[in-house]
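Chemist: Sequence below, structure please.
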Amino acid sequence: MTPSAPAPTLAFVESPVQLLNVLEWAHAQGAGRLLGVVPRQPARGGGNGSGPVASAAGGLRIVVLPPTDPMSRGQLRRMAGLARDEGHEVRWQEARGGRFAPVKAFAALAREVRAARRVVIGDPFSRYVQLLLTLVRAEELVVVDDGTATMEFVAQTARGERLVRWHRVGGGGLPGRLRELAYAPVSATARRRFTPGQGGHRRVEVFSSMPVTAHSGMTLRLNDFAWTRARFGPPLLTKGTDLVGTSLVETGVVDPDRYLEAVRALTLEHGATRYFAHRRESPEKLRRLSEATGLEIVRPDLPLELIARRGPVGRTIVSFPSTVVHTLPYALIGTGVTVAVCDVDPSWLTASASERARGFLAGVTDTARDVHRLPAQTAPAAG
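Modeler: Alright, predicted model coming up:
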């Protein structure tokens, strides 16, 4: 089969949220709102972003590098359908799940990566994306939100640090250290790609709804979920409260029993009836939550910003520190929905949770705008 011609703009996404934010970036291309700092989220009652949906100029090809878990893959396929509906080309490229899949994908994408004039990425911490960045010759690199990880990405690049996810503890013994040593040249090249070139030869943009500040010549464009608001809703509101799940247990940051007790306490205090599960939450954990609380467990087939905007949704949405405490106030402007964030008590953290994780979670809560702040639940652990 003859390969398609390289696209002027090539986007790489590995999660449904990243693909959503590529669509938001494409929509915002006509707005031209470049910022030095992401401002406060708009007050309730502001414009709803209605109007025609703009597309990115010059041709956008979205390359989906799907993970192996079924929930993520299902959401990605739904998001890919929405992207095609918007007129964008979508390519599904398997890069995991087989011994030679990464090598085959790298070879299949090399020509397109070298030829692209602009590259958009959703996860700058992804080792596979960092490997692709060694081939990039584009004069413009755009980073769209991969949730709250964007906050850590901007902070680490400002300090010139190695790119490491905030919840990673390290370890792995000698094999792990050897892998890190072997990978170091790739990681260093990726860091250089995220540094704007001298004399304006390379431009780096961050498209974000997170509370971050641009640095070193980097530009920042506000993601206010205008495409989501133009495409969906406004939602029908229910009388109840919805809880938003988190993968903090799955990433080893929060103790599972402490988390269950916190969800139980929030359910009783706020009269919650539904629990929107994170796509990475395990079925066993969700069964425990349902049995202990009576909550209806909802496994969304799209990112929560779209689910909430389509409705029906509770008049109050309660979340732990996560991406949605920053994104939902944008997506739900003018709907009358209150977004509340519940602090993570230090006693919830596992023994293996890093100090960085403790400070990062506090920062996510402290910087959330237009949300109601709830105290941490301090009920004793189950058992």
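Chemist: and L133, how far is that from L163?
Modeler: From L133 across to L163, the span is 11 Å (Cβ to Cβ, to the nearest Å). From N, CA and C alone the C-beta is placed, and that goes for glycine too.
Chemist: which one of the two has more residues nearby?
Modeler: For L133 versus L163, the count of surrounding residues by other Cβ atoms under 10 Å is larger for L133: 24 against 19.
Chemist: buried stuff in stretch 298-317?
Modeler: 298-300, 302-311, 313-314, 316-317 (16 or more other Cβ atoms under 10 Å).
Chemist: quick revisit: give the residues shared as contacts by L133 and L163.
Modeler: The contact sets of L133 and L163 overlap at A190 (Cβ atoms under 8 Å, 6 or more residues apart in numbering).
Chemist: quick one: the helices in the chain?
Modeler: Taking DSSP state H, the helices of the chain run over residues 16-28, 70-85, 101-115, 127-133, 149-159, 173-193, 226-231, 256-270, 283-293, 304-310, 324-331, 355-366.
Chemist: Mean pLDDT and distance to V339 added to those, as a markdown table?
Modeler: What follows is the helices of the chain, written out as a markdown table (pLDDT from 0 to 100; distance: least, Cβ to Cβ, whole Å):
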| stretch | mean pLDDT | distance to V339 |
| --- | --- | --- |
| helix 16-28 | 96 | 17 |
| helix 70-85 | 94 | 21 |
| helix 101-115 | 91 | 38 |
| helix 127-133 | 88 | 30 |
| helix 149-159 | 84 | 18 |
| helix 173-193 | 67 | 34 |
| helix 226-231 | 96 | 15 |
| helix 256-270 | 94 | 13 |
| helix 283-293 | 95 | 20 |
| helix 304-310 | 96 | 9 |
| helix 324-331 | 94 | 5 |
| helix 355-366 | 77 | 12 |
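Chemist: Please convert the ones you listed to CSV, extending it with distance to P211.
Modeler: Shown next, in CSV, are those (distance: least, Cβ to Cβ, whole Å):
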stretch, distance to P211
helix 16-28, 16
helix 70-85, 25
helix 101-115, 31
helix 127-133, 24
helix 149-159, 7
helix 173-193, 22
helix 226-231, 19
helix 256-270, 24
helix 283-293, 29
helix 304-310, 17
helix 324-331, 7
helix 355-366, 9
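Chemist: Select, out of these, the one closest to K239.
Modeler: K239 lies closest to helix 256-270 among these, at 11.9 Å (Cβ to Cβ).
Chemist: Against which helices or strands is the closest one packed?
Modeler: Judged by 3 or more Cβ pairs under 8 Å, 6 or more residues apart in numbering; DSSP states H and E, the packing partners of helix 256-270 are strand 237-244, helix 283-293, strand 313-319.
Chemist: Tell me which of these is the most buried.
Modeler: strand 313-319 (a mean of 23; mean count of other Cβ atoms under 10 Å).
Chemist: which secondary structure elements does it contact?
Modeler: Against strand 313-319 (3+ Cβ pairs under 8 Å, 6+ apart) you get strand 237-244, helix 256-270, strand 272-276, helix 324-331, strand 338-342.
Chemist: got the CA positions of it in PDB?
Modeler: Included here for strand 313-319 are C-alpha records, laid out as PDB according to Å, rounded to 0.1, in the frame of the first residue of the first chain:
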ATOM      1  CA  VAL A 313     -25.200  15.600  35.400                       C
ATOM      2  CA  GLY A 314     -25.600  16.500  39.100                       C
ATOM      3  CA  ARG A 315     -25.900  20.100  40.200                       C
ATOM      4  CA  THR A 316     -22.800  19.400  42.300                       C
ATOM      5  CA  ILE A 317     -19.700  17.400  41.100                       C
ATOM      6  CA  VAL A 318     -17.200  16.400  43.800                       C
ATOM      7  CA  SER A 319     -13.700  15.300  42.800                       C
END
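Chemist: who touches that strand?
Modeler: 235-244, 246, 266, 270, 272-274, 307-308, 324-325, 328, 332, 336-342, 374.
Chemist: Distance check, T219 against Q156.
Modeler: Using Cβ to Cβ, T219 is found at 18 Å from Q156.
Chemist: Could you do L135 as well?
Modeler: Using Cβ to Cβ, L135 is found at 22 Å from Q156.
Chemist: before we move on, what about S208?
Modeler: For S208, the distance to Q156 - Cβ to Cβ - is 15 Å.
Chemist: Comparing these two, which residue is more hemmed in?
Modeler: S208 (25 against 19).
Chemist: need the contact list for the more buried one.
Modeler: Residues counted as contacts of S208 (Cβ under 8 Å, 6+ apart) are 38, 143-145, 150, 220-223.
Chemist: Understood, closing this out.
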